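Q: how would this look folded up:
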Amino acid sequence: ERRLPSILSSFCLFEFKIAYCKMDFALPHIHEKSTATSSKIAHVPVDTALDKDQPLDDMLLEAANQAAVDLFFGAGNGEDPKAVDSTAYPERLTPQSETIEPNSLVVIFESFDNLNFCYAKKGAIFSNRNGHFHHDDFIGKPYGCKIRSRNNRGYGFVHLLKPTPELWARSLQHRTQIVHELDASMIVFYLNMRPNMVVCESGTGSGALSHCIMRTIAPKGMLHTYEFNEQRAETAKVEFAKNGVSHLVTVHHKDVCGKHGQGGFDQPQASVDAVVLDLPEPWVAVPYAAYCLKRNACIASYSPCVEQSQRTIVALKKCGFHSIKTMEFRLKEFYVDETEYELPPKDKRPRVIDSRKSQLIGGDTSAGEDTGAEADNERSEYETEGDQESLLTAGTMEEPGEEVRTAQNLAPPPAVLPPSPANIPVPSSTPKRKKVLVARPFGTMRGHTAFLTFATAGNKLQPYPESSGESTKTEN
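A: Now for the predicted structure:
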């Protein structure tokens, strides 16, 4: 009897994992109703779920609720089971309020390709080429509203947007070259990031990629980001606190490659779910990443040169990684809009009569008096060939042809009929126009050339680099 609750709890947890594995898009969905699966991975009150005459079902239901809590928060955290409900997390990173409050981060949309940001403070003023915008006009307004300047008779305006990692990447001040939203999304996707994961990032830089990772691992995850430059590390720490995400990140001032002190990520062996390397020499940090990564966890390396990717791949193979692949992603945007253009004219041109051709055709008819098919052939020949070619052809004819050639030389130049209502086309009153949906690419592409290398750790745990005698110095 004492072991029954633990046995039932283990049994229910096993059944729960089986039900979870069935939720795969590649497999058919099989609905099997049972007491353990009736909770639907949510908290179900035991008092109202089943009758009091079924204590065994009550214990199964409690174990299923506890398994759901452990899945979301980890075992032994003692969280309130009601927090498992998805309605407890309507948003993970963006502000909860729909209105701008004091000290709130606001992304300012100035133009299509120009974004800026500010922290709303009473009495402050944001100035740009469109005018002066007082922060007092921001506070209390909803995100997405349009604010006009107090000067320039109110002609200047900006839009106040709710901050997201993508908008933040386009508006922040670049301390280093950033990872743009397309590469950041591919890193999150191929590393299989999800809520409550522990991720290590080497190369904090401007913090653009850090915000994307934090949004994915919220609400209980943790990002350990490493920066060897002390000033950039302190600036990133202050920015994370202002943006309200300091509870999801720990900033470390350290060189993980070991060139300036002890290297490594300062994490226990097989304790990290994913690693991102944005370093000039990522192959030096690969052994340290292999030590702290869990079995079958993933790693990503971001390098601007393919030679860096080649050396990184060699280091990954030495450390037991598999499924290695390198890819390049470029974002090509198109401007799509409707345009109008005039249709080409379809009116007939005025007719021009060449008197020389008419006399030549007339001379042939009077001299030879050809009729039928032969006459038609001669007419078509003279009508289609040029003047010079027709004269050379006439020189090979008999005596009547000589008289015709002489008359041709003496003939006046071609005459154009005088303008008259009969031979002048009447233009239409309004030219016809047609609407067409067209797309053209932008002249510039956001981002820069970079190669992303992804790999998966093996089942064998890797030793710490220094204990195995591996060198952390760069090869000459």
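
Q: so who does the nearest residue to residue 321 once chain neighbours are set aside touch?
A: Once flanking residues are discounted, residue 321 sits nearest to residue 455: 3.9 Å by CB to CB, 6 or more residues apart in numbering. For the C-beta atoms, the positions are set from N, CA and C on the backbone; glycine is no exception. Going by CB atoms under 8 Å, 6 or more residues apart in numbering, residue 455 touches 298, 299, 316, 321, 322, 323, 324, 325.

Q: so which of these sit within helices?
A: residue 316 (DSSP state H).

Q: switch the contacts of residue 455 over to CSV; also include pLDDT and distance to residue 127.
A: Formatted as CSV, these follow (pLDDT from 0 to 100; distance: CB to CB, whole Å):
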residue, pLDDT, distance to residue 127
298, 97, 45
299, 97, 45
316, 97, 50
321, 97, 51
322, 96, 55
323, 95, 52
324, 97, 50
325, 96, 48
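
Q: can you name the residues bridging to the residue nearest to residue 321?
A: Under DSSP bridges, the beta-bridge partners of residue 455 are residue 299.

Q: where's it relative to residue 60, distance?
A: Residue 455 is 41 Å from residue 60, where distance means CB to CB, to the nearest Å.

Q: one more: residue 444?
A: Distance of residue 444 to residue 60, computed by CB to CB: 61 Å.

Q: of the two, who's got more company?
A: A count of neighbours by other CB atoms under 10 Å puts residue 60 above the other of residue 444 and residue 60, at 22 against 8.

Q: quick check: phi and psi on that one?
A: Note on residue 60: its backbone torsions stand at phi -60, psi -40 [degrees, to the nearest 10].

Q: now do residue 128
A: Reported as degrees, to the nearest 10, the phi and psi values for residue 128 are phi -150, psi -170.

Q: ok, residue 273 - contacts?
A: Here residue 273 is in contact with 193, 197, 198, 199, 294, 297 (criterion: CB under 8 Å, 6+ apart).

Q: tell me the SS of the spatially closest residue to the second one that is not a sequence neighbour?
A: The spatially closest residue to residue 197, leaving aside those adjacent along the chain, is residue 273, at 4.1 Å (CB to CB, 6+ apart). The three-state label given to residue 273 by DSSP: H, G, I helix; E, B strand; the rest coil is strand.

Q: what average pLDDT does stretch 146-156 get?
A: Stretch 146-156 shows a mean pLDDT of 90 in the predicted model.

Q: and stretch 336-346, by the same measure?
A: 83.

Q: now it - C-alpha only, CSV.
A: What follows is stretch 336-346, C-alpha atoms only, in CSV (Å, rounded to 0.1, in the frame of the first residue of the first chain):
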residue,chain,number,x,y,z
VAL,A,336,4.1,44.6,-55.1
ASP,A,337,1.6,47.2,-56.4
GLU,A,338,-0.9,48.0,-59.1
THR,A,339,0.2,50.2,-61.9
GLU,A,340,-1.4,51.8,-65.0
TYR,A,341,0.0,52.1,-68.5
GLU,A,342,-1.4,53.3,-71.8
LEU,A,343,-2.2,50.6,-74.4
PRO,A,344,-0.3,50.9,-77.7
PRO,A,345,-2.1,52.9,-80.4
LYS,A,346,-4.3,50.8,-82.8
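
Q: what comes into contact with that stretch?
A: By CB under 8 Å, 6+ apart, stretch 336-346 touches 431, 432, 433, 434, 435, 436, 437, 438, 439.

Q: repeat that for stretch 109-127.
A: Residues contacting stretch 109-127 (CB under 8 Å, 6+ apart): 100-108, 128-130, 132-136, 138-139, 158-161, 163, 167-168, 170-172, 242.

Q: equivalent analysis for stretch 314-321, please.
A: Residues outside stretch 314-321 that contact it (CB under 8 Å, 6+ apart) are 283-284, 286-287, 290, 299, 324, 453, 455-458, 460, 462.

Q: any chance you could map the strands in the stretch 101-250 of the chain?
A: 105-111, 114-119, 125-128, 131-134, 146-148, 157-161, 198-202, 222-227, 249-253 (DSSP state E, counting those that start in this stretch).

Q: report the buried residues of the shortest one.
A: By that I understand strand 146-148. 147, 148 (16 or more other CB atoms under 10 Å).

Q: what do you get for the third one?
A: Of the residues in strand 125-128, those buried under the neighbour-count criterion (16+ other CB under 10 Å) are residue 126.

Q: hey, what's residue 341 bridged with?
A: Residues in beta-bridge contact with residue 341 (DSSP bridges): residue 434.

Q: what's in contact with stretch 139-158?
A: 98-102, 106, 108-110, 120, 122, 126, 128-134, 137-138, 159-162.

Q: can I have the buried ones of these as a ChimeraX selection?
A: This is the ChimeraX syntax for the buried subset of those, where burial follows 16+ other CB under 10 Å:
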select :100,106,108,109,110,120,126,130,131,133,137,138,160,161,162
